[in-house]
Structures are given as C-alpha cells and as structure tokens.
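In: Predicted model and sequence follow; I will ask about them next.
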Amino acid sequence: MTDAQTPVISVRGLTKSYGSLDVLKGIDLDLPTGEVLAIIGPSGSGKSTLIRCLNMMETLTDGTFEFQGKSVSKSFKDSGSSYGVGTLRRRVGMVFQHFNLYPHLTVLQNVTKGPLVVQKRKPDEVKADATRLLGLVGLADKCDAFPSHLSGGQKQRVAIARALAMKPDVMLFDEVTSALDPELVGEVLQVVKNLALDGMTMVLVTHEMAFAAEVADRVIFIDGGLIAEEGPPAKVMTNPDSDRLKSFLSRFNA
Amino acid sequence: MYHWDFYTVAQSFDLFLMGLGTTFLYTVGSISIGIVFGLLAAFARLSRFRSLRLLARSYQEIFRCTPLLVQIMWAYYALPLLLGITIPNYIAGLMMLSLYVGSFYGEIFRGGINAIDKGQTEAALATGMSGAQAMYHIVMPQAIKKMLPAFINQSVIQVKNTSLLYAISIAELTYMTYVVNGETYRPMEAYTIAAVMYFAILFPLTQFADYFERRMARSD
C-alpha cells in the first residue's frame, strides 16, 4: 500500500505539554524511507521529547501522526482505519541514552525477548537471528553474559541489537552516546554508521556534531519547541542562517 | 528447682501434631489467599484510577492499623450480627488472616515494583509489548527478587499469627497446647513443646531469608 513517496513517519502540528509547560509547540515533520535525520538543539529545547513522540513513548497533546500513510491512534491495538501504538512500536525501534538492558536476562535473552513475546516467532529462528545481530555489533562472544558484566559501549551495542531484532522499519536513537565514557563513544557510533550505510531509516538525537554532519542526510535544529532551522548538514552545520544556531554550534567547535 | 515431666505431656503428642497440621493448613491457606489480595492491592495502588487507589489504600490501612485479634473476634462475633447469618469459625479465621497478611503483602509488592527503574518498562514498551506483557516479562521477575526477603519475613510473622485463631476455638497448635495443659496440668512442658515446634519450623525460614539476602547483595 505504501509507495516510496509516502513518508514512513509524518507528523503535523505536533504539540506536547506537561501541565502548563509547552515543550513542543507545533512540529511538522516528514521522514522519508531511507533518510538519516539528525535532531540537534540545546538541552531543554524539546528534541528528546520529539524523538520520544515518534514512537509514542510520549502521547501527543495535539497534532496528527501517520505511520506509512496510515494514522496512528492512542490506543494500543489497531483499529480498522488506524494503527495502534503497539504496531507503531513494533515497527519503530528505539535505543535509549541509559541502555535500559534487562539486568535479569542474558545478552542473548535481551535480544530475543521482544520477538518471542511480541511477534511470537519461532524460538530457533529468533535465536539464530539474535546471534547474527550480536555478531553484527561485534558481541558474538557475549551471548551468555549478563549486562552487569559489560562496558557501557557494549551495553549500548546490545541495546541496538535488541531493537534491530524486531526487524524495525525505523530506528530512533535518543542520545545514545551521552552516557558513555569518551573512549567508548566510537564503537557505538560505528555501529550506527554501519546501519546508515545499510540504508536503515533513522532519527538520531545527538550532541556528536561531527558525527551528525557525517551520517545525516538532513539536520533539524530544535529551539524552544519548534524547528528553528533545517536542511542538509553541509548547509545547517557550516553555514547556518540563524544566530541561535550559530551560537549553539560555536560551543562545539572548541 | 522445677521438676520437668515431659512423659505425661508426651502422652498427648498426637494432639500437638494435629494442632501443628492445622497451623500448617491455615498458614498455607492464608498466605496463598493473602498473595492474591496483596497483588490486587498493589496493582490497584499503582493504577491510574483514583477510586481504585483509594479503595486499596483504605483496605490496607484498616487491616494494618487494627490488631489481628480484634479483626478475628469482629469477624466471628460482630459481623454475623450485622449480616444476620452465622459465620463458621474456620471461615472467619481464614478470611481475616488472609486479609490481614494481604494488606502487608500489598505494600511489599508495591515497593518491589516501584523499585524497578522506569527505563525497564520503557524499553519493553518500545519493543511493542503491552503494559501487561512488560509487567509480566520484564518488571515482575526483577521485582520478585527485590521483594522476597520482606515477603519471607512477613510470612514468618504470619505463621505465628495463626496462634490467634485459638481465640475462636480453632484447633491449631496453640489451642491444642491449651487443651493438653487442661488435661495434664503441665503448662511448663506443654507450652515449651509448642514453642519448640514453632521455632523448629520458623528458624530454617529466617535462615533462608538471610541467606537469600546475602546472595542478592553479592549479585548486585
């Protein structure tokens, strides 16, 4: 039903408020298939809230949300005309800043849990898949380890494999290197970059400006709950229009 | 110097054993039902519906803040007057023991669930799990580990609390000890045997709780 022209995710007039605090004030965003979109902006600008709205971890206060051309409702289950959040989240993988691995499960079980519980796929097939994915992120030898025995970088790579195991159409990365020691950032970014090269559609909220410039097809700069500026990284990151973005970027060019 | 005479009392050893069996049944029964009440109370307290939270809270506070003995007497002597029916002592006893322990279990369960980082639920939801699936597959297995020491502790207390059933003539260990004492006039021996029996059951349990807690501390 969806052709290449239909955006995977399309939001219009997206707002999000917590009580009287308006975090997002009307975002219009289309995410075409295969695009790597980087979201940058100062802390408190709403970029994390925005990415969390993209798999409805945060419910929208207002606005429309379409996934592959079909509207998404707030209920968990699909209805005739719209997807539920359950379907949305099955198809949109998310990786968190603090990894959130399941500490009581082994690395392999962390990866297989979603497919087994949610997709009810055959255990043999899921396990083979998970093993392959862990190989892909360079952790084939850690299958039976528990998360507490891994470094931060390793944990985050497991978290990426866990999200990929659901065979998502889109991957969301919410500041996935912010909680890592500097020397571990590279190994995680390499995995993200490989995914981008494979053509995965993805959205990254990041403070790694050089990385965003390198992998992103498009960059949006969020400020005060609105998209303040957007475009290809070459334009946005090197020749910004607004003073806000200029001063924001200057802080990273130390 | 007191002259111990276990021989006389030992003649009635079968009564002690019967009492012990009854104590065991009420313990297992009330703990099983209490777990159900506790889970209901815990999930109601964690619910987003205010009325459910309030209901569970009221139940817990009423049962936690009144003595179990008063509750048992009330259910057996007062409640029948209110309802105009007779309530057999075993029903009144089992019901009150279960409700009482359930009110404490509810707090233990709720605390255990709350102790699990919200990121765990988020990660599970992000893979498309429903709230119930996230609770069952991800949160509960971790929460149970956290709540087990407190749960065992409360259950140890529960074994001892069954002795209050003696007040409504349920033939558990304490009641039977009272009976043996009446027959033999040897309170020293009778109550010592009862105490030793309770201790023999509970000491291994508390040791297990300690052992488990130490093991948990190691893996953290």
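Out: Arrived safely, thanks for sending. For clarity, every value in this text was computed on a predicted model and none was experimentally measured. Numbers count the residues shown, from 1 in each chain, chains lettered A, B, ... in the order given.
In: At the contact with chain A, which residues of chain B appear?
Out: Applying C-beta under 8 Å from any C-beta of the partner chain, we find that chain B lies next to chain A at B:117, B:119-120, B:122-131, B:133, B:137-138, B:141-142, B:145. For every residue, glycine as well, the C-beta is placed using N, CA and C.
In: Among those residues, which lie within strands?
Out: Among the residues of chain B next to chain A, none falls in strands (DSSP state E).
In: Got a PyMOL select line for the buried ones in those residues?
Out: Provided next is the PyMOL selection string for whichever of those are buried by 16 or more other C-beta atoms under 10 Å in any protein chain shown:
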select buried, chain B and resi 120+122+123+124+125+126+127+128+129+130+133+137+138+142+145
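In: And stretch B:171-185, what's buried?
Out: Neighbour-count burial for stretch B:171-185 [16+ other C-beta under 10 Å]: B:Ala171, B:Glu172, B:Leu173, B:Thr174, B:Tyr175, B:Met176, B:Thr177, B:Tyr178, B:Val179, B:Val180, B:Asn181, B:Thr184.
In: what about the chain, any weak spots by pLDDT?
Out: Because you didn't say which chain, this covers chain A. Scanning chain A for pLDDT under 70 picks out A:1-4, A:253-254.
In: try chain B instead
Out: B:217-220.
In: So which residue is dead centre in it?
Out: Nearest to the mean C-alpha position of chain B, by C-alpha atoms, centre = their mean, lies B:Gln158 at 3.6 Å.
In: Return the set of buried residues in whichever strand or helix holds it.
Out: Assessed by DSSP states H and E, B:Gln158 sits inside helix B:140-161. Going by neighbour count (16+ other C-beta under 10 Å), the buried part of helix B:140-161 is B:140, B:142-143, B:145-156, B:158-159, B:161.
In: ok, now stretch B:25-34?
Out: Buried-residue list, stretch B:25-34, by 16+ other C-beta under 10 Å: B:Tyr26, B:Thr27, B:Gly29, B:Ser30, B:Ile31, B:Ile33, B:Gly34.
In: Just name the closest of those residues to A:Ala196, please.
Out: B:Gly34 (54.3 Å; C-beta to C-beta).
In: What is the burial count for residue 132?
Out: Because you didn't say which chain, this covers chain A. 13 (other C-beta atoms under 10 Å in any protein chain shown).
In: Please refer instead to chain B.
Out: Other residues close to B:Ala132 by other C-beta under 10 Å number 9.
In: again with A:Ser79
Out: By other C-beta under 10 Å, neighbour count at A:Ser79 equals 10.
In: For it, which non-adjacent residue is spatially closest?
Out: Leaving out its chain neighbours, the residue that sits closest to A:Ser79 by C-beta to C-beta, 6 or more residues apart in numbering or on different chains is A:Ser73, at 6.3 Å.
In: and the one you found, what does it touch?
Out: A:Ser79, A:Ser82, A:Tyr83, A:Gly84, A:Val85 (C-beta atoms under 8 Å, 6 or more residues apart in numbering or on different chains).
In: Which secondary structure state is assigned to the first one?
Out: Going back to what we said before, that points to A:Ser79. With DSSP: H, G, I helix; E, B strand; the rest coil as the basis, the three-state label of A:Ser79 is coil.
In: Residue nearest the middle of chain A, spatially speaking?
Out: A:Leu172 (0.9 Å).
In: Next one: that one from A:Val111, what distance?
Out: 17 Å (C-beta to C-beta, to the nearest Å).
In: Next: B:Ala56.
Out: From B:Ala56 to A:Val111 the distance is 37 Å (C-beta to C-beta).
In: Between the two, tell me which one has more neighbours.
Out: A:Val111 (31 against 22).
In: give the contact list for B:Ala23.
Out: No, residue B:23 isn't Ala; it's Thr. B:Val159, B:Thr162, B:Ser163, B:Glu172, B:Leu173, B:Thr174.
In: what helix or strand does the closest residue to chain B within the stretch 151-254 of chain A sit in?
Out: Of all residues in the stretch 151-254 of chain A, A:Met166 sits closest to chain B, at 5.7 Å by C-beta to the nearest C-beta. A:Met166 is part of no helix or strand when elements are defined by DSSP H and E.
In: nearest spatial neighbour of it, skipping sequence neighbours?
Out: A:Gly114 (5.2 Å).
In: Residue numbers of the stretch 51-200 of chain A in contact with chain B?
Out: Counting by C-beta under 8 Å from any C-beta, the stretch 51-200 of chain A sits next to chain B at A:55, A:57, A:76, A:86-87, A:89-90, A:93-94, A:96, A:98, A:100-104, A:113-114, A:117-119, A:159, A:162-163, A:166.
In: Distance check, the residue lying closest to B:Ile201 once chain neighbours are set aside against B:Tyr211.
Out: In this structure, B:Ile201 finds its nearest non-sequential neighbour in B:Val159, 6.5 Å apart by C-beta to C-beta, 6+ apart. For B:Val159, the distance to B:Tyr211 equals 18 Å [C-beta to C-beta].
In: Let me know whether the residue nearest to the centre of chain A touches A:Leu50 as I believe.
Out: No - using C-beta atoms under 8 Å, A:Leu172 is not in contact with A:Leu50, being 10.1 Å away.
In: The residue in the stretch 101-250 of chain A positioned nearest to chain B in helix, strand or coil?
Out: As assessed by C-beta to the nearest C-beta, chain B sits closest to A:Gly114 within the stretch 101-250 of chain A, at 3.4 Å. For A:Gly114, the assignment made with three-state DSSP gives helix.
In: and it, what does it touch?
Out: Per C-beta under 8 Å, 6+ apart, neighbours of A:Gly114: A:Arg162, A:Ala165, A:Met166, B:Ala124, B:Thr127, B:Gly128, B:Met129.
In: residue boundaries of the strands in chain A?
Out: A:9-18, A:21-31, A:36-40, A:62-67, A:70-71, A:92-95, A:170-174, A:201-205, A:218-223, A:226-231.
In: Tell me if I'm right that A:Gly86 and A:Lys74 touch.
Out: No - the criterion here is C-beta under 8 Å, and A:Gly86 misses it with A:Lys74 at 11.3 Å.
In: Of those two, which one has the most company?
Out: Per other C-beta under 10 Å, whichever of A:Gly86 and A:Lys74 has more neighbours is A:Gly86, with 19 against 11.
In: check contacts around the more buried one.
Out: A:Gly86 neighbours (C-beta under 8 Å, 6+ apart): A:Phe76, A:Lys77, A:Asp78, B:Gly128, B:Ser130.
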